[in-house]
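*Asks:* okay, sequence plus prediction incoming.
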Amino acid sequence: MSSGGNHDTARPRRTSGRRRLVAVLGSIVLVCGLIVGYAHLRLHRLETADVAWSSPSVTGDTAIASGRVYTYDPNDGLSIHRMADGKPVSGEPVFGTWMYLGRSGYFAVLDLDQMTFYSPVGKKLWTRQLGKRDPVAVRPQAIGDRTVTFKDCTGTATCALVTLDADGSTVWRKSVDADAPFPYEHSEDVEQPATRNDRPSLRLVPSVPVQNIDGRLTALDGTGSPHGLSIEAKDAAIIGDTLVELSHQGDSCTYRAVRDGSELWTSSTACRGGSRFDREPLYVLAFSRRLYAIYSTSTGNSRMVSLDLTTGRATGFDYAYGSGDRTSSTYVYAGENVIVKKDKRRLTGISPSTGKVLWRYADHGGSELYPAVAVTGGTVNVLTAPRRMWRTLALGHTYPKHSITVLDARSGTTVAHFMHESIYGTTGAPDGALLVIADDRLFLVRRD
């Protein structure tokens, strides 16, 4: 009886042990499932959550004007999208070597032997043959509302400044000096150029025509006549409808802005900071509300002055945009609202008006090649790689290898994420949003 009793009590123990083993294994499976599910959710959110809209597009340079997004490539042509909802704007096929865009949305496309003028929605208005002349000599200087102004040189000593309207009719034409120097750049920077010699296919041009008269740059009115005050032409920049003079007096860098014929402001800042500035800027980096003048020094280093185009406030820095090496661990970036210094995987946001540190950000993923940085509009875009752990845990699906963390330029806080396999380029958009071109699609990224 006792042995039978012992036999009966042993069987439940083995059953209980099996139940515990099954429970443990089930818990492990559940936890693993939750981890895999979270990995999928996390990566899927990076891929889609902050995308306001996307639309098929060519891959090229991108700019915003008149509530539309223009993306242009000389080989692939032009895509136009409405900024509000991303819907494509149907226009005629557009091809050429360079595209010049005005803030009004009207644009001109220049090829080797002709220039074509288009409406903001891509409707061809007229084509003008250029013959065998150098197209650089006739590139558009300004594009207004239904007008384009360009310098037309028919010979080595004879040139004319010409304004044509949307019908191709001549609004005015006047003789100008063929050898009169132009300012640094008659365009705003749609991306981060390395030097003033970069020639993007799509360029934003001023809205007012100007003429160099005896070394002075003067805006021209609707009849082609000089209008209001002039500025020194040797070192000058034109941003939209504002003429900016860059000059040097003793140990001071001085600046002056003229708009609609009247002086907006004058300002200056010391040109000393451990070494002496050269008297002439090397180049300028121009945005709609800020300009950076980059100078060389006697020591061979570069320095820059940040100029607020609204107030005229000038702030000097003992380093310059482009300092460092993009392929190394340190580099300096400059945008409209922030200067970013990269040191390995650490970023520091600096106020372009005061030089004070605004924020710090550390990227903990990727490899030594990351993070790559772009400063566009009101955002700082950090291109990196999602952590390999999450991509490994997301079983059954292959996720893109590249992601963008979008930081607010002034606070450094994360405002959006975007992930894609092949990211071509980024462009700042209004209200802290970001335009991204990836795999022949245009994405608007923002967190609502």
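*Replies:* Yep, that arrived. Computed from a predicted structure; not experimentally measured. Numbering: from 1, shown residues only.
*Asks:* hmm, residue 58 and residue 88 touching each other?
*Replies:* No - Residue 88 sits out of contact with residue 58 when judged by Cβ atoms under 8 Å, with a separation of 11.0 Å. C-beta: built from backbone N, CA, C; applies to glycine.
*Asks:* more neighbours: which of the two?
*Replies:* A count of neighbours by other Cβ atoms under 10 Å puts residue 58 above the other of residue 88 and residue 58, at 18 against 14.
*Asks:* excluding sequence neighbours, find me the nearest residue to that one.
*Replies:* The spatial neighbour of residue 58 that comes closest, neighbours along the chain excluded (Cβ to Cβ, 6 or more residues apart in numbering), is residue 76 at 4.0 Å.
*Asks:* wait, the one you found touches residue 59, no?
*Replies:* Yes - counting by Cβ under 8 Å, residue 76 does reach residue 59; the two are 6.5 Å apart.
*Asks:* these two: who's more crowded?
*Replies:* residue 59 (19 against 14).
*Asks:* secondary structure element holding that one?
*Replies:* In the assignment (DSSP states H and E), residue 59 maps to no helix and no strand.
*Asks:* ok, now which ones touch it?
*Replies:* Residues in contact with residue 59 (Cβ atoms under 8 Å, 6 or more residues apart in numbering) are 71, 73, 76, 424, 437, 440.
*Asks:* which one of the residues you listed has the most neighbours?
*Replies:* residue 71 leads the contacts of residue 59 on contacts (other Cβ under 10 Å) with 25 neighbours.
*Asks:* that one is in contact with residue 61, isn't it?
*Replies:* Yes - using Cβ under 8 Å, residue 71 is in contact with residue 61, at 7.1 Å.
*Asks:* ends of stretch 103-120, how far apart?
*Replies:* Taking Cα to Cα, to the nearest Å, stretch 103-120 runs 10 Å from one end to the other.
*Asks:* now do it: distance to the chain's middle.
*Replies:* 21 Å (Cα atoms, centre = their mean, to the nearest Å).
*Asks:* which residues of the stretch 151-300 of the chain score low on pLDDT?
*Replies:* Residue ranges of the stretch 151-300 of the chain with pLDDT under 70: 154-157, 178-199, 272-279.
*Asks:* identify the contacts common to residue 88 and residue 58.
*Replies:* Common neighbours of residue 88 and residue 58 (Cβ under 8 Å, 6+ apart) are residue 79.
*Asks:* so which one among the contacts of residue 59 has the lowest pLDDT?
*Replies:* Lowest pLDDT of these: residue 424, 83.
*Asks:* which residues does that residue contact?
*Replies:* 59, 437-438.
*Asks:* over to residue 402?
*Replies:* Residue 402 sits next to 383-385, 419-423 when contact means Cβ under 8 Å, 6+ apart.
*Asks:* the residues you listed in strands, which ones?
*Replies:* Mapping these onto strands (DSSP state E) picks out 383-384, 419-420, 423.
*Asks:* tell me which of those residues is nearest to residue 175?
*Replies:* Distances from residue 175 to the ones in strands among the contacts of residue 402, taken as Cβ to Cβ, are shortest for residue 423 (48.6 Å).
*Asks:* buried set for stretch 84-99?
*Replies:* By 16 or more other Cβ atoms under 10 Å, the buried positions in stretch 84-99 come out as 86, 89, 91, 94, 96, 98-99.
*Asks:* what does stretch 294-305 give?
*Replies:* The neighbour-count check on stretch 294-305 (16+ other Cβ under 10 Å) flags 294-297, 302-305 as buried.
*Asks:* rewinding a little: from the ones in strands among the contacts of residue 402, which would you call buried?
*Replies:* Buried among the ones in strands among the contacts of residue 402 by 16+ other Cβ under 10 Å: 383-384, 419-420, 423.
*Asks:* which two of these have the greatest separation?
*Replies:* Largest separation among these by Cβ to Cβ: 384 and 420, giving 12.6 Å.
*Asks:* shared neighbours, the two?
*Replies:* 402-403.
*Asks:* could you find the closest non-adjacent residue to residue 306?
*Replies:* residue 352 (4.0 Å).
*Asks:* now do residue 110
*Replies:* Closest to residue 110 by Cβ to Cβ, 6+ apart is residue 98, at 4.8 Å.
*Asks:* what's the answer for residue 94, then?
*Replies:* Nearest residue to residue 94, sequence neighbours excluded (Cβ to Cβ, 6+ apart): residue 78, at 3.9 Å.
*Asks:* quick one: contacts of the helix or strand harbouring residue 219?
*Replies:* For residue 219, the element it lies in under DSSP H and E is strand 216-220. The contact list for strand 216-220, computed with Cβ under 8 Å, 6+ apart, reads 149, 161, 183, 208-211, 226-233, 236, 238, 241, 243, 245, 258, 260-261.
*Asks:* buried among those residues? Need that as a selection in PyMOL.
*Replies:* Per 16+ other Cβ under 10 Å, the buried members of those correspond to this PyMOL selection:
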select buried, resi 149+161+183+208+209+210+211+227+229+230+231+233+236+238+243+245+258
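*Asks:* just the contacts of strand 216-220: which are in helices?
*Replies:* When DSSP state H is applied, these are split such that none fall in helices.
*Asks:* inside strands: which ones of the contacts of strand 216-220?
*Replies:* Within those, residues falling in strands by DSSP E are 149, 161, 210-211, 226-232, 236, 238, 243, 245, 258.
*Asks:* from the residues you listed, which is closest to residue 108?
*Replies:* Of those, the one sitting nearest to residue 108 (Cβ to Cβ) turns out to be residue 149, at 10.0 Å.
*Asks:* got the contact list for the spatially closest residue to the closest one that is not a sequence neighbour?
*Replies:* Using Cβ to Cβ, 6+ apart and skipping the chain neighbours, the partner closest in space to residue 149 is residue 209 (3.9 Å). Contacts here follow Cβ under 8 Å, 6+ apart; on that basis residue 209 touches 141-142, 149, 161, 163, 219-220, 224.
*Asks:* how close does residue 209 sit to residue 238?
*Replies:* Distance of residue 209 to residue 238, given as Cβ to Cβ, to the nearest Å: 10 Å.
*Asks:* please apply the same query to residue 341.
*Replies:* 29 Å.
*Asks:* same thing with residue 250?
*Replies:* In terms of Cβ to Cβ, residue 250 sits 26 Å off from residue 238.
*Asks:* still on that earlier bit, give me the common contacts of residue 71 and residue 61.
*Replies:* Counting by Cβ under 8 Å, 6+ apart, the residues touching both residue 71 and residue 61 are residue 202.
*Asks:* make sure residue 406 is actually in contact with residue 418.
*Replies:* Yes - Residue 406 lies in contact with residue 418 (Cβ under 8 Å); the separation is 7.1 Å.
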